[in-house]
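> pasted the sequence and its predicted model underneath.
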Amino acid sequence: MANWSSGMQVSRWAKQLAYEVGKEIYFSKFMGESFDSMIVKKQMDEGKGKDITFGLVGLTPASDNSSGGFYTGDTAIEGNEANLTSNTQTVATAHRRFAVISDGNFADSKVLYDFRTEALSELKRSYAEDHDAQIFSALTATSGTFGQLRADSGTSGSAYANSDDEANLAATDKIALEDISKLKRIAMLGASATWKMRPIKVEGKDYYVLLVHPEVSYDLFQLDGFQQIQREANVRGDDNPLFAGALGMYDGVVIHEHEGVATGNFGSGDAVKGARNLFLGAGAGLCAGIGEMNWVEKTFDYGNKLGIAAGQIYGIDRAVYNSKDYGSIQYLTSRTDL
């Protein structure tokens, strides 16, 4: 018959699952508790509400520093202080659960495996995939105000806008090195007078991340000079998670690939295979969690089958400051259909 775990064992399985999920989440290497991280994670104890509020601080472009700055000597600074503009964003959470059940004692006896160990593996994979899928969905959402650079192989050059430009994408609008440099400058200089994207700091240097679909990374490696650039690049801090698994770096932008990057059919008549790649800086996404992950066991059919359910309260959103994406820009390109 299927056996229950004791209360102590259940607690151990729950903690082990939480640990394994944390390692399995793709974005975990980009997560941290401060806004210096690409994905900001905040955890609260259970019983303190269903939503979590994050405090966002806006950085004003250097060209708009009229509200204050440095003064020398005995020049009074009272009344000449710089305004540190802040905002808050609340991330809603939900209790997300997933369960598995054994085949039954007779069927299980034919196979040499431990059901709880296999359940742990499946629950770990499912929760990690769910976290990553929600992060991709939040960063890629086209509702509200967001920044987007559409690749353009024509003479007009790539166009930046705060609206979706998928209808104008052409099959020839593939990833370009010039676009990577342009994205970086848009982030550095600010897309408006009240916003600019914060870089991710590693050993005193500024970096951004470009997350592309694998079919877009294929196009990237076809570009003249890209592979030579990678051979000559001297990437420092390889032991930092930001660089782990990267395809390479161009102009201070660390390039990663992931199949979770959103794709679709865009352009005239939806005839163009495209991808919504993500250019990301510090504080691009917000991850809120409440309480600990739980592990619940239940027997069915008079003890013949064992079911295991796990539950966790969390929510994910992209950071928005003053109606602008705080740390993300969509980079819309066509892609080779492999």
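Received the coordinates, thanks.

> contacts and neighbour counts: CA atoms only from here.
Fine.

> which parts of the stretch 1-150 of the chain are strands?
31-32, 39-44, 51-57, 86-92, 94-101, 148-150 (DSSP state E, counting those that start in this stretch).

> if you count neighbours, what's buried in the fourth one?
Spelled out, that is strand 86-92. Across strand 86-92, burial judged by 16 or more other CA atoms under 10 Å covers 89, 91, 92.

> neighbours around residue 166, how many?
By other CA atoms under 10 Å, the residues close to residue 166 number 22.

> mind showing which ranges of the stretch 201-338 of the chain have poor pLDDT?
228-229, 231-239 (pLDDT under 70).

> at 90 instead, please
Judged by pLDDT under 90, the stretch 201-338 of the chain has its weakly predicted residues at 202-205, 224-249, 291-292, 297-307, 320-327, 338.

> about what we covered before: wait, which of the strands of the stretch 1-150 of the chain is closest to residue 126?
When those are compared by CA to CA, strand 94-101 sits nearest residue 126, at 7.9 Å.

> only alpha carbons, please: show the closest one as PDB.
The C-alpha coordinates for strand 94-101 follow below in PDB (Å, rounded to 0.1, in the frame of the first residue of the first chain):
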ATOM      1  CA  ALA A  94      -1.600  33.800  -6.700                       C
ATOM      2  CA  HIS A  95      -1.500  30.300  -5.100                       C
ATOM      3  CA  ARG A  96      -0.200  28.100  -7.900                       C
ATOM      4  CA  ARG A  97      -0.400  24.300  -7.400                       C
ATOM      5  CA  PHE A  98       0.600  21.200  -9.300                       C
ATOM      6  CA  ALA A  99       0.100  17.600  -8.500                       C
ATOM      7  CA  VAL A 100       1.100  14.100  -9.600                       C
ATOM      8  CA  ILE A 101      -0.300  10.600  -8.800                       C
END
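
> mind listing what it pairs with, with the direction of each?
strand 305-318 (antiparallel) (DSSP bridges).

> run through the neighbouring helices and strands of the longest helix anywhere in the chain.
The longest helix of the chain (DSSP state H) is helix 115-140. Using 3 or more CA pairs under 8 Å, 6 or more residues apart in numbering; DSSP states H and E, the elements in contact with helix 115-140 are helix 7-24, strand 94-101, strand 272-280, strand 285-300, strand 305-318.

> quick one: which of those is nearest residue 182?
The nearest among the helices and strands packed on helix 115-140, by CA to CA, is strand 272-280 at 11.0 Å.

> how about that closest one: buried residues?
272, 273, 274, 275, 276, 277, 278, 279, 280.

> contacts only, for the third one.
The contact partners of residue 274, by CA atoms under 8 Å, 6 or more residues apart in numbering, come to 169, 263, 264, 265, 266, 332, 333, 334, 335.

> tabulate the helices and strands packed on helix 115-140 (TSV), appending distance to residue 247.
Formatted as TSV, those follow (distance: least, CA to CA, whole Å):
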stretch	distance to residue 247
helix 7-24	20
strand 94-101	33
strand 272-280	14
strand 285-300	22
strand 305-318	24
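
> name the stretch among these that sits most buried.
Sort these by mean neighbour count, taking mean count of other CA atoms under 10 Å, and strand 272-280 sits at the top with a mean of 26.

> quick one: that one to chain centroid distance?
From the chain centre to the centre of strand 272-280 is a distance of 14 Å (CA atoms, centre = their mean, to the nearest Å).

> cool, stretch 196-216 as well?
That offset, for stretch 196-216, works out to 11 Å (CA atoms, centre = their mean).

> for it, list the C-alpha coordinates in CSV.
Output of stretch 196-216 as CSV, limited to C-alpha atoms (Å, rounded to 0.1, in the frame of the first residue of the first chain):
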residue,chain,number,x,y,z
LYS,A,196,16.7,55.8,-18.6
MET,A,197,17.6,52.2,-18.2
ARG,A,198,20.0,51.2,-15.4
PRO,A,199,22.8,48.9,-16.4
ILE,A,200,23.8,45.8,-14.5
LYS,A,201,27.1,46.4,-12.6
VAL,A,202,29.8,43.7,-12.6
GLU,A,203,33.2,44.7,-11.0
GLY,A,204,32.5,48.4,-11.7
LYS,A,205,31.6,47.9,-15.3
ASP,A,206,28.2,48.5,-17.0
TYR,A,207,26.5,45.7,-18.9
TYR,A,208,23.1,45.0,-20.5
VAL,A,209,21.6,41.7,-21.5
LEU,A,210,20.1,40.8,-24.9
LEU,A,211,18.0,37.6,-24.7
VAL,A,212,17.3,36.2,-28.2
HIS,A,213,15.4,33.2,-29.6
PRO,A,214,17.7,30.4,-30.9
GLU,A,215,16.6,31.0,-34.5
VAL,A,216,17.7,34.6,-34.0
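
> in the longest helix of the chain, what counts as buried?
Quick answer for helix 115-140 (16+ other CA under 10 Å): 115-116, 119-120, 123-124, 126-129, 131-133, 135-140.

> equivalent analysis for stretch 164-183, please.
Those would be 164-166, 169-171, 173-176, 179-180, 182-183, for stretch 164-183 by 16+ other CA under 10 Å.

> can you tell me how far residue 334 is from residue 133?
21 Å (CA to CA, to the nearest Å).
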